[in-house]
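**Student:** Generate coordinates for the sequence data below:
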Amino acid sequence: MKVKIAHLMRRGIPTTSTFLLAILVLLVPVMGSPALAGAARPSVALPDQALVPLPAQPSYGEAQTWYLAEGYTGGDFDTWVLVQNPGDEDAQVTFDFQLPPGSSAPSFSCGLPARTRQSFHLDIFEGLADTDVSTRVTSNKPVFVERSVYFNYNGKAGGHDSIGVKYPSSVWYLAEGYTGGDFDTWVLVQNPGEINAQVTLEFQLPPGASADPFTFDLPAGTRRSIHLDDLPGLADTDVSTKVVSNVGVVAERAMYFNYEGKQGGHDSIGVTSPSERWFLAEGYTGGQFDTWVLVQNPNDEAAQVTLDFQLPPGTSAPSFTFGLPARTRQSFHLDIFDGLADTDVSTTVTSNVPVVAERAMYFNYEGKSDGHDSIGVEFPSDAWYLAEGYTGGDFD
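**Tutor:** Next up, the predicted model:
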């Protein structure tokens, strides 16, 4: 199906996207530490509408190696890896696993015919029962990879999903995070290399607050989960994270929550650098949906940030501009913005200095409560790949 979309507008299209998963995930799944009811809202004057010129397009496409930092098969958790082969040639795909220090699991290989996709349930793989697990997927042909997790986390049932990343990096940025109320925020770090890593987590909190960095060792070929709620200075706060390592690693962030009665979880990969522009395709403020945009400023310089909105044809909303002090972060609840009540909404984030942006949503969709989150993308593209999708049973 082909659809024409007018400039500076957005459209939602029913398709094989999976319920509760951020299939509008990055693409390519990233959350705004939602403030709980009664918390202070940002107070900033609204500027005139600003039109954002589109930059040159890079390639958001397949790759022959993918990394997935998050995964857990214990308790009431199920972890799935989804592999899409959009090419005209069969692929030979191999999974390697990074577990907590002291444990390991054998690799797994399979063939994936041209123009097909397949789902792999890690819980039933040899050596992967009841464990944290990160995954490296390699292929002799370009493929696309996501990971989905379904869970009951301390009574919060739901699911989350994220695309993989193509390369480890020595720096990762994670804009979303919240540790107050009934929220739990986890940072997951994967070391797929052959050299031990020393990893430091640095934190950006709302203006006027701070927390000390946290440093740990991560042996080669292992992974670790860090519960931010337990770290000094991070109880009951919005928090963005900068992950710094002496060698290349992969970082994601997972959150589990009860948001005004909506229970569930969401997850996103990080980004490797801030940018002066971010695009967030997904957003909805009608019914029992709440949409948040989270902005992280990891710099030593204050940022002037503008949110521009693309709505369905025939509607519009004014831009919103705010100052974001150096080394801080802020969450914005789009439902309460002028012109954004009860609408589909895409968001373009621009800044005079590079920042990081994600979008988180909490919802009750036809009786199904949960949330999802995704990082933004820096550029539009003329081709996108979405590995996950299921239309059977009670999935939309």
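
**Student:** Quick check: phi and psi at residue 228.
**Tutor:** Backbone geometry at residue 228, expressed as degrees, to the nearest 10, gives phi -60, psi -30.

**Student:** residue contacts, it?
**Tutor:** 177, 179, 185-187, 234, 239, 241 (C-beta atoms under 8 Å, 6 or more residues apart in numbering). C-betas here are computed from N, CA, C, even on glycine.

**Student:** Kindly report the same for residue 189.
**Tutor:** Residues in contact with residue 189, defined by C-beta under 8 Å, 6+ apart, are 69, 199, 218, 223-224, 226, 243, 245, 249-251.

**Student:** What residues sit buried inside stretch 209-216?
**Tutor:** Of all the residues in stretch 209-216, those buried under the rule 16 or more other C-beta atoms under 10 Å are 211, 214.

**Student:** which residues are in contact with it?
**Tutor:** Stretch 209-216 has contacts (C-beta under 8 Å, 6+ apart) with 198-203, 205, 224, 226, 231-234, 237, 239, 327.

**Student:** re earlier: secondary structure and distance to residue 262 added to the contacts of residue 189, as JSON lines?
**Tutor:** What follows is the contacts of residue 189, written out as JSON lines (DSSP: H, G, I helix; E, B strand; the rest coil; distance: C-beta to C-beta, whole Å):
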{"residue": "69", "secondary structure": "coil", "distance to residue 262": "25"}
{"residue": "199", "secondary structure": "strand", "distance to residue 262": "32"}
{"residue": "218", "secondary structure": "strand", "distance to residue 262": "34"}
{"residue": "223", "secondary structure": "strand", "distance to residue 262": "29"}
{"residue": "224", "secondary structure": "strand", "distance to residue 262": "29"}
{"residue": "226", "secondary structure": "strand", "distance to residue 262": "25"}
{"residue": "243", "secondary structure": "strand", "distance to residue 262": "28"}
{"residue": "245", "secondary structure": "strand", "distance to residue 262": "34"}
{"residue": "249", "secondary structure": "strand", "distance to residue 262": "32"}
{"residue": "250", "secondary structure": "strand", "distance to residue 262": "29"}
{"residue": "251", "secondary structure": "strand", "distance to residue 262": "26"}
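
**Student:** Highest neighbour count among those residues?
**Tutor:** residue 69 (32 neighbours; other C-beta atoms under 10 Å).

**Student:** What does the pLDDT read for that residue?
**Tutor:** Turning to residue 69, the model gives it a pLDDT of 98.

**Student:** correct me, but it touches residue 190?
**Tutor:** Yes. Taking contacts as C-beta atoms under 8 Å, residue 69 lies within contact range of residue 190: 4.0 Å.

**Student:** that older thread, of the contacts of residue 228, buried ones?
**Tutor:** By neighbour count, with 16+ other C-beta under 10 Å, the contacts of residue 228 hold 177, 179, 185-187, 234, 239, 241 as buried.

**Student:** any chance of those in a markdown table, with pLDDT and secondary structure too?
**Tutor:** A markdown table is the format used below for the buried ones among the contacts of residue 228 (pLDDT from 0 to 100; DSSP: H, G, I helix; E, B strand; the rest coil):
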| residue | pLDDT | secondary structure |
| --- | --- | --- |
| 177 | 97 | coil |
| 179 | 98 | coil |
| 185 | 98 | strand |
| 186 | 98 | strand |
| 187 | 98 | strand |
| 234 | 98 | coil |
| 239 | 98 | coil |
| 241 | 98 | strand |
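
**Student:** Out of those, flag the one nearest to residue 285.
**Tutor:** Comparing the buried ones among the contacts of residue 228 against residue 285 with C-beta to C-beta places residue 177 closest, at 22.2 Å.

**Student:** For the closest one, give its distance to residue 141.
**Tutor:** To residue 141, residue 177 is 37 Å away according to C-beta to C-beta, to the nearest Å.

**Student:** And for residue 392?
**Tutor:** Computed with C-beta to C-beta, the distance linking residue 392 and residue 141 is 28 Å.

**Student:** the more surrounded of those two?
**Tutor:** Ranked by neighbour count (other C-beta under 10 Å), residue 392 and residue 141 place residue 141 first, with 17 against 6.

**Student:** Go ahead and confirm the more buried one touches residue 87.
**Tutor:** Yes. Using C-beta under 8 Å, residue 141 is in contact with residue 87, at 5.6 Å.

**Student:** ok, back up a step: determine which two of the contacts of residue 189 are furthest apart.
**Tutor:** 226 and 250, at 13.9 Å, using C-beta to C-beta across the contacts of residue 189.

**Student:** Now for residue 69 and residue 190: what residues contact both?
**Tutor:** 134, 223, 250-251.

**Student:** Can I get the residues you listed in CSV including pLDDT and distance to residue 259?
**Tutor:** Output for these, formatted as CSV (pLDDT from 0 to 100; distance: C-beta to C-beta, whole Å):
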residue, pLDDT, distance to residue 259
134, 98, 27
223, 98, 27
250, 98, 27
251, 98, 24
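
**Student:** need the contact list for the residue nearest to residue 235 when sequence neighbours are not counted.
**Tutor:** Leaving aside its sequence neighbours, residue 235 sits nearest to residue 179 (C-beta to C-beta, 6 or more residues apart in numbering; 6.0 Å). Applying C-beta under 8 Å, 6+ apart to residue 179 gives the contacts 185, 228-229, 234-237, 239.
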